[in-house]
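Asker: predicted model follows, preceded by the sequence.
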Amino acid sequence: MYKDIIFINAIQNLRFFSHICIEKCNRNMRRSETVKLSELIKKSIQVNKLEDGIDRVRIKSLWLEVAGYHINKATTELKVSKSVLYVSMNSSILRSELLLIRSELVKRINKELGRTFISEIVVR
């Protein structure tokens, strides 16, 4: 549900910015003022301050890649709040394993996101 709302908002904003781009391009009809679609999407995300919400969703999809199959399978919940990633697990053995590598996981997640978004991981 949350992903759908973000996606719908992003589409609506993309329509708004593409309309502005079309008006701008129609006025001057110069190629130097054309804007790439990727730039429009990035601008729409920045203007509407959606980076944090999108990164929260991306962390959940990146967790398998970053943490690995076994830790992902034992993970029951991932929650991000104020740059802290809360991880709930159903295996005490993997929980202790995760405690040992959590600083490395923070580095990997931030590297995949392309910015410092997570400062710490709390394991429950």
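Answerer: Perfect, thanks for sending it.
Asker: CA only for contacts and neighbour counts going forward, please
Answerer: OK.
Asker: what ranges do the helices span in this protein?
Answerer: 2-28, 37-47, 51-67, 69-74, 92-113 (DSSP state H).
Asker: which residues sit against the third one?
Answerer: Helix 51-67 is contacted from outside by Lys3, Ile6, Ile45, Ile71, Asn72, Leu78, Val80, Leu105, Arg108, Ile109, Leu113, Phe117, using CA atoms under 8 Å, 6 or more residues apart in numbering.
Asker: what mean pLDDT does it have?
Answerer: Helix 51-67 shows a mean pLDDT of 92.
Asker: now it, how far from the chain's geometric center?
Answerer: Computed by CA atoms, centre = their mean, to the nearest Å, the separation of helix 51-67 from the middle of its chain amounts to 5 Å.
Asker: relative to helix 37-47, how tilted is that helix?
Answerer: Here the directions of helix 51-67 and helix 37-47 differ by 110 degrees (axes from the mean of the first three to the mean of the last three CA atoms, to 10 degrees).
Asker: and helix 51-67, what's buried?
Answerer: By neighbour count on 16 or more other CA atoms under 10 Å, the buried set for helix 51-67 is Asp55, Arg56, Ile59, Leu62, Trp63, Val66, Ala67.
Asker: which pLDDT does the model give Gln46?
Answerer: Gln46 is assigned 87 on the pLDDT scale.
Asker: what distance do you get for it to Thr116?
Answerer: 16 Å (CA to CA, to the nearest Å).
Asker: what of Leu50?
Answerer: 16 Å.
Asker: show me where pLDDT drops low in the protein?
Answerer: 1-32 (pLDDT under 70).
Asker: again, only using 90
Answerer: 1-49, 124 (pLDDT under 90).
Asker: on that earlier part again, using CSV, lay out the buried residues of helix 51-67 together with distance to Val35.
Answerer: Below are the buried residues of helix 51-67 laid out as CSV (distance: CA to CA, whole Å):
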residue, distance to Val35
Asp55, 24
Arg56, 28
Ile59, 29
Leu62, 30
Trp63, 33
Val66, 34
Ala67, 37
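Asker: quick check, nearest of those residues to Ser96?
Answerer: Ala67 (13.6 Å; CA to CA).
Asker: and Asn110, what is it in contact with?
Answerer: Per CA under 8 Å, 6+ apart, neighbours of Asn110: Thr116, Phe117, Ile118.
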